[in-house]
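*Asks:* Show me the folded form of this:
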Amino acid sequence: MEKYIEKVFAWVQQKNPGEPEFHQAVKEVLDSLEPVMSRHPEYQEAGILERLVEPERVIMFRVPWVDDKGRCRVNRGYRIQFSSAIGPYKGGLRFHSNVNLGILKFLAFEQVFKNSLTTLPMGGGKGGSDFNPQAGSDGEVMRFCQSFMAELFRHVGPDTDVPAGDIGVGGREIGYLFGQYKRLVNKFTGVLTGKGVTWGGSLIRPAATGYGSVYFAEEMLKTRADSFKGKTCVVSGSGNVSQYTVEKLNHLGAKAVTLSDSNGFIHDPEGIDADKLSFVMELKNVKRGRIKEYADKYSVKYYEGQKPWGIKCDAAFPSATQNEIDEKDAETLLKNGCFVVSEGANMPTTPEGVEKFIKAKILYGPGKAANAGGVATSGLEMSQNSIRMSWDKEEVDRRLKEIMRSIHEATLRAAKDYGCPGNYVAGANIAGFLKVAAAMLDQGIV
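*Replies:* Predicted structure coming up:
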């Protein structure tokens, strides 16, 4: 069986050259599936793996738009519709200068298993563009979003593909995208999630990924009869996920001491309390400034060009981007006493770093399980749109917490059932895969 899995991975590498992030994501999943494939030879006979690693559809298009000086600019747009075995494609749109086909394929592939874990009927997809909204005015961002949706609208819909936000796509961008979709199709539907609460959005959706990451870590701590009370936590990033991770950590009695952006990180030993967090939200969500301004305002240390993993902590929440914790960073975290890692970002730890965490037997929650709260609440938004109702904050938060508890239980159960008890990486991959594979078998060769 090992040779079969190696053969499938070699085939992926051959067919997808120059896409290291995609290769990394596929290898991590395939390495976990050897005991599953040995127990279920019918999966090999049906070519489940060969079909699963190939997107159902890859859409790539140009996005022409006009800047504030009247000049035509051109970016590239993408939508990767990876798997619809258990529901319509679901996954975010990322607008960032480093976006390329390989990164989006890795994200879409991860999304398949993440969405499966939520227990909600959602397939996996991802999309975006190499456009940088941070460098544009509101008018430029609006014109770009309208041009982007002028092509994308024909490929999405409430029962086909429901995009959401991701890096670079927040409430402003979702609003512009939804407005253009509504204009083109002349329908008010739940085609996007992350919408404003006055026009079909769900309460706590912006907070859900960060909250969910903390809820998952809380469940991991419970397995050791522990809690967040008095714990020191390091958080990377300073966008939505990071902000609401800090907020929930504060609620649970922990102390978050770092935030970062692409230029560096701040260390506030006293903790980022509610007032300081309000400043960060204004700085990042409205003024679109740099995290260094926090250091200037509160007279704390700013580490230019560095990541926060050298700060002593009990728990780490990588919430910025892929591969931000390498082997050396993982060693440093472990040396400094970190025993909980819950990934708010997608695949933020390199394979070498993951190996260090697993070998040390710390509580390590991989992104496809730990950060599934965002897409889970997107699924709840889809449900509210379908029934034309809006649930209150407490109801959505209760459902989110239940989903994260369910993901934790399913992950641990799958790990135990397939001979790797306590291994959250293998458990998440196996639990997510089994549901998708069963659906693919039921539906035949499609």
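
*Asks:* Buried residues of stretch 175-189, list them for me.
*Replies:* Residues of stretch 175-189 classed as buried: 175, 176, 177, 178, 180, 181, 182, 189 (neighbour count, 16 or more other Cβ atoms under 10 Å). Every C-beta, even on glycine, is put in place using the N, C-alpha and C of the backbone.

*Asks:* ugh, wrong one, stretch 437-446
*Replies:* So stretch 437-446, judged by 16+ other Cβ under 10 Å, has buried residues 437, 439, 440, 441.

*Asks:* for stretch 58-77, same thing?
*Replies:* Result for stretch 58-77 [16+ other Cβ under 10 Å]: buried residues 59, 61, 63, 65, 73, 75, 77.

*Asks:* re earlier: what about the buried residues of stretch 175-189, which are in helices?
*Replies:* 175, 176, 177, 178, 180, 181, 182 (DSSP state H).

*Asks:* out of these, which one sits closest to residue 383?
*Replies:* Comparing these against residue 383 with Cβ to Cβ places residue 178 closest, at 17.8 Å.

*Asks:* Compute the distance between the closest one and residue 288, please.
*Replies:* Going from residue 178 to residue 288 by Cβ to Cβ, to the nearest Å gives 21 Å.

*Asks:* elements contacting the strand or helix carrying residue 266?
*Replies:* Residue 266 belongs to strand 264-267 when assigned by DSSP states H and E. Strand 264-267 sits against strand 258-261, helix 292-298, strand 301-304, with contacts defined as 3 or more Cβ pairs under 8 Å, 6 or more residues apart in numbering; DSSP states H and E.

*Asks:* How many neighbouring residues does residue 387 have?
*Replies:* Here the count is done by other Cβ atoms under 10 Å, and residue 387 has 8 residues near it.

*Asks:* Then residue 362?
*Replies:* 18.

*Asks:* same check, this time on residue 46
*Replies:* Counted with other Cβ under 10 Å, the neighbours of residue 46 add up to 16.

*Asks:* who are the neighbours in contact with the residue lying closest to it once chain neighbours are set aside?
*Replies:* Excluding the flanking residues, the one nearest residue 46 by Cβ to Cβ, 6 or more residues apart in numbering is residue 441, at 5.8 Å. Counting by Cβ atoms under 8 Å, 6 or more residues apart in numbering, residue 441 touches 42, 43, 46, 48.

*Asks:* tell me the contacts of the residue most central in space within the chain?
*Replies:* Geometric centre of the chain, nearest residue: residue 346, 4.6 Å, by Cα atoms, centre = their mean. Contacts for residue 346 (Cβ under 8 Å, 6+ apart) come out as 106, 107, 110, 322, 367, 368, 371.

*Asks:* Confirm for me that residue 5 is in contact with residue 34.
*Replies:* Yes: using Cβ atoms under 8 Å, residue 5 is in contact with residue 34, at 5.9 Å.

*Asks:* All the helices of the stretch 301-446 of the chain, residue numbers only.
*Replies:* 327-335, 351-360, 367-370, 373-387, 393-417, 424-443 (DSSP state H, counting those that start in this stretch).

*Asks:* JSON lines for these, including mean pLDDT and distance to residue 25?
*Replies:* Formatted as JSON lines, these follow (pLDDT from 0 to 100; distance: least, Cβ to Cβ, whole Å):
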{"stretch": "helix 327-335", "mean pLDDT": "98", "distance to residue 25": "18"}
{"stretch": "helix 351-360", "mean pLDDT": "98", "distance to residue 25": "10"}
{"stretch": "helix 367-370", "mean pLDDT": "97", "distance to residue 25": "9"}
{"stretch": "helix 373-387", "mean pLDDT": "95", "distance to residue 25": "16"}
{"stretch": "helix 393-417", "mean pLDDT": "97", "distance to residue 25": "17"}
{"stretch": "helix 424-443", "mean pLDDT": "98", "distance to residue 25": "10"}
